[in-house]
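1. coordinates only, sequence not included:
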């Protein structure tokens, strides 16, 4: 039985997923500006043999772009929030094995500078950086970067195709192996004949190059993606090495995993080239009664308004919440219809209302029980094709401390969690090799620019 991988799913903000829990007396995320909180957390995660810390991020407000947005700062719902990529430098020098994954949208930074930043982080961390590629879903984010409106869904993925293409050229093709000489006797730091401009010209970007950093331990960071639409799945099948999912059940997860892996194989990749991480949150107790008591205590702090606002449900076009007794079939939303359909099926004989939806959202992806029961549930997800778990916290650092202390020993006993780290880069830990395999589209740029040397083009 293969071991599962475990990521701590966090955000550099007060209220990420479990809204309202920043008010818990033990919650330190309320002071998320303090880097010591994060440094202490990554040390705890590394002691517990977690594989990575995974930072979500956004570049704008949720909800209707021209509406009242007071619910978000009031809830601490991803505003205020800080740039996770800056924080990673501090976390890198305080850890040795823990992967450091961060989210960055194609909108928020030019690919040349982004590629340079990622290579720098990969050098600092000795090859432990992962990038979660996102296209953004907030109109406010688009306006923050000079666009009038959010581009149409498939157009954003065409943008992403070019964006990653530029970064692949810089990371994989601009520097040949052996270009970094550092020969003090000969007085040659880097061999100019092995450093190349990329001369990228596309519909959105013109990038001459060369890449300024020398190749980092992974060259290209480990690549995460979370697209659930057909276009997003196709993008993941081409590019992703790890896919973050939030399926409502193992059977639904299995369908999406099989579909994405099948597409990857048609593109010349292997099904095993992509690992899938399901998002789950845990309440672990020494007995089932203890776990239920812990759950009841956590539920005291939940903000249903925060959950509804985050998912863009229950919020009218003017930004104000719908009354709890509003029937859902009277609400117009651009958010996922799947949750609404699921809720309608779960309330036969009556019209579900906003209060029903709030209750459902607060309990999604929640696993409650003893370590043995937790292990049993994870076996169900593993059987569906899931390779790892994005562990959502209730509060920092306690949720991870409890999971490490209570759940992981039983998971190790059953062979579901590692007992020690393997050496090497993050990609090596995941796949057994430092660099992208030749099957990945980025690999085609290795040696592709040998005619563009420093003395000429």
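-> Nice, I can see it. Just so we're clear, the structure is a prediction, and the values are computed from it rather than from any experiment.
2. quick one: pLDDT of the closest residue to residue 229 other than its chain neighbours?
-> Of all residues not flanking residue 229 in the chain, residue 153 sits nearest, at 6.7 Å (CB to CB, 6 or more residues apart in numbering). Using the backbone N, CA and C atoms, a C-beta is placed for each residue, glycine as well. If you check residue 153, the pLDDT there is 87.
3. what's the answer for residue 347, then?
-> So, for residue 347, pLDDT stands at 67.
4. how near is the closest residue to residue 449 other than its chain neighbours to residue 235?
-> Closest residue in space to residue 449, ignoring its immediate chain neighbours: residue 196 at 3.7 Å, by CB to CB, 6+ apart. Applying CB to CB, to the nearest Å, the value for residue 196 to residue 235 is 27 Å.
5. how many residues are close by residue 450?
-> For residue 450, the count of nearby residues is 11 (other CB atoms under 10 Å).
6. mind telling me what element the nearest residue to residue 144 once chain neighbours are set aside is part of?
-> In space, and not counting its chain neighbours, residue 144 is closest to residue 60: 5.3 Å by CB to CB, 6+ apart. Counting by DSSP states H and E, no helix or strand carries residue 60.
7. picking up where we left off before, more crowded one of residue 196 and residue 235?
-> Neighbour totals were compared for residue 196 and residue 235, and residue 196 leads with 26 against 23 (other CB under 10 Å).
8. and the closest residue in space to residue 128 that isn't next to it in sequence, backbone torsions?
-> Leaving aside its sequence neighbours, residue 128 sits nearest to residue 426 (CB to CB, 6+ apart; 4.6 Å). Dihedral pair for residue 426: phi -60, psi -40, per degrees, to the nearest 10.
9. how about the one 4 residues further on?
-> In terms of degrees, to the nearest 10, the main-chain angles of residue 430 are phi -80, psi -40.
10. hmm, it is touching residue 241, no?
-> Yes. Residue 430 lies in contact with residue 241 (CB atoms under 8 Å); the separation is 7.1 Å.
11. mutual contacts of the two, please.
-> The contact sets of residue 430 and residue 241 overlap at 222, 275 (CB atoms under 8 Å, 6 or more residues apart in numbering).
12. need the helix or strand of the protein with the lowest average pLDDT.
-> helix 337-346 (a mean of 59; mean pLDDT, DSSP states H and E).
13. name the helices or strands packed onto the helix or strand following it?
-> Next along the chain after helix 337-346, taking DSSP H and E as the criterion, comes helix 354-363. Counting contacts by 3 or more CB pairs under 8 Å, 6 or more residues apart in numbering; DSSP states H and E, helix 354-363 packs against helix 304-310, helix 337-346.
14. got a list of what residue 108 touches?
-> Applying CB under 8 Å, 6+ apart to residue 108 gives the contacts 59, 136, 141, 145.
15. how about a cut-off of 6 Å?
-> Residue 108 sits next to residue 59 when contact means CB atoms under 6 Å, 6 or more residues apart in numbering.
16. low-confidence stretches in the stretch 301-450 of the chain?
-> The stretch 301-450 of the chain contains residues with pLDDT under 70 at 312-317, 319, 332-348.
17. residue boundaries of the strands in it?
-> Secondary structure of the stretch 301-450 of the chain (DSSP state E, counting those that start in this stretch): strands located at 366-369, 388-392.
18. among those strands, which is nearest residue 209?
-> For residue 209, the closest of those is strand 388-392, at 34.6 Å, according to CB to CB.
19. list the contacts of that closest one.
-> With CB under 6 Å, 6+ apart, strand 388-392 has contacts from 4-9, 17, 244, 277-281.
20. could you list the paired strands of it along with their orientation?
-> strand 5-11 (parallel), strand 275-284 (parallel) (DSSP bridges).
21. so which of the ones you listed is nearest residue 91?
-> Of the strands paired with strand 388-392, nearest to residue 91 by CB to CB is strand 5-11, at 10.9 Å.
22. the residue nearest to residue 419 when sequence neighbours are not counted: neighbouring residues, count only.
-> Excluding its sequence neighbours, the residue lying closest to residue 419 (CB to CB, 6+ apart) is residue 412, at 5.6 Å. Residue 412 has 15 neighbours, counted by other CB under 10 Å.
23. go on, residue 189?
-> Residue 189, neighbours per other CB under 10 Å, totals 12.
24. confirm it sits in a strand?
-> Yes. Secondary structure of residue 189 (DSSP: H, G, I helix; E, B strand; the rest coil): part of a strand.
25. just to check, residue 449 is in contact with residue 173?
-> Yes. Applying CB atoms under 6 Å, one finds residue 449 in contact with residue 173, separated by 5.0 Å.
26. these two: which is more packed in?
-> Ranked by neighbour count (other CB under 10 Å), residue 449 and residue 173 place residue 173 first, with 25 against 22.
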